[in-house]
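> Next one to model:
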Amino acid sequence: MTQFLASVRGPEEAEIALRAGADIIDLKEPDRGALGAVPDDVLRETVRRIAGRAPVSATVGDLPMDRDVLETAIAKTATAGVDYVKFGVFESAATEACLRALKPRLLGAQLILVLFADELPECDAIGLAAEMGAAGVMLDTRYKTSGHLLSHLNRDALAAFVADARSRGLRVGLAGSLRAGHVHDLLPLGPDLLGFRGALCEASLRGGALSEPAVRAVRALIPAEPETVSRVDPSLSADAPTPIW
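Sure, this is the predicted structure:
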């Protein structure tokens, strides 16, 4: 079943997203880039407030493909208590060597590698993610003014991405300026999650405030797991465990 990831800026937005039915809370600061990191105090307070009610992921920022820089940021983010740490795979001469050198288990983190549909790396990033023992991969867009995910890759290409990741034992997510109307096109591809930010905000602006009605509107389009339904409507019970991406 496909889960619903909501990107939020801090604890207040996390509470809104959780109340409106998000399966996964993803911490990201949109004013700091495609994968902008939130301040450390915001990260830790959000993890404290969510307190195990849903998995939490967090980005480390738009960092260069430098092993030492990434390992420091990943380890620091992991110590805040998040379930998953996300970092971007940016194309450079050092990308492949950097990915081969990373060891998630030594960093105490479950890693999600974020690839960009508008700037795909030349190396086999999905294969390298599997080799390093990453938890999964996500396809996003780097430049938010360059169009949404489907304006860069068609459904066949996205289906191939999902199948490739799955064949290597990885979880796979799709994001990238997605709107509510994209859910119908992407759900049949069977990703493990669909990620949203702008579509959940006032006036559909990713830098705007999170809108609870907008979050609920997207939630309504993605079939919810029983425990999510019971969290949103306490009158219903659920026997399933808390979803882990």
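> C-alpha from now on. contacts and neighbour counts both.
OK.
> what secondary structure does residue 81 sit in?
Using DSSP: H, G, I helix; E, B strand; the rest coil, the structure places residue 81 in coil.
> where are the low-confidence patches of this protein?
Residue ranges of the chain with pLDDT under 70: 226-245.
> hey, where'd the helices end up in it?
Ranges of helices in the chain, per DSSP state H, are 11-19, 40-50, 67-78, 95-101, 104-107, 125-132, 155-167, 183-186, 212-221, 226-232.
> Which of these sits closest to residue 115?
Minimum separation from residue 115 across the helices of the chain (C-alpha to C-alpha) falls at helix 125-132, 8.0 Å.
> Show residues contacting the closest one.
For helix 125-132, the external contacting residues (C-alpha atoms under 8 Å, 6 or more residues apart in numbering) are 89, 96, 99-100, 102-104, 113, 115, 136-137, 164-165, 168-170.
> got it, and stretch 90-100?
For stretch 90-100, the surrounding residues in contact (C-alpha under 8 Å, 6+ apart) are 64-67, 89, 115-116, 119-123, 125, 128-129, 131-132.
> rewinding a little: same list (the helices of the chain) but as TSV, adding distance to residue 60.
What follows is those, written out as TSV (distance: least, C-alpha to C-alpha, whole Å):
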stretch	distance to residue 60
helix 11-19	17
helix 40-50	10
helix 67-78	6
helix 95-101	15
helix 104-107	13
helix 125-132	17
helix 155-167	22
helix 183-186	27
helix 212-221	24
helix 226-232	27
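> Adding mean neighbour count, write the ones you listed out as JSON lines.
Converted to JSON lines, the helices of the chain look like this (neighbours: other C-alpha atoms under 10 Å):
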{"stretch": "helix 11-19", "mean neighbour count": "20"}
{"stretch": "helix 40-50", "mean neighbour count": "17"}
{"stretch": "helix 67-78", "mean neighbour count": "18"}
{"stretch": "helix 95-101", "mean neighbour count": "17"}
{"stretch": "helix 104-107", "mean neighbour count": "15"}
{"stretch": "helix 125-132", "mean neighbour count": "18"}
{"stretch": "helix 155-167", "mean neighbour count": "16"}
{"stretch": "helix 183-186", "mean neighbour count": "14"}
{"stretch": "helix 212-221", "mean neighbour count": "18"}
{"stretch": "helix 226-232", "mean neighbour count": "19"}
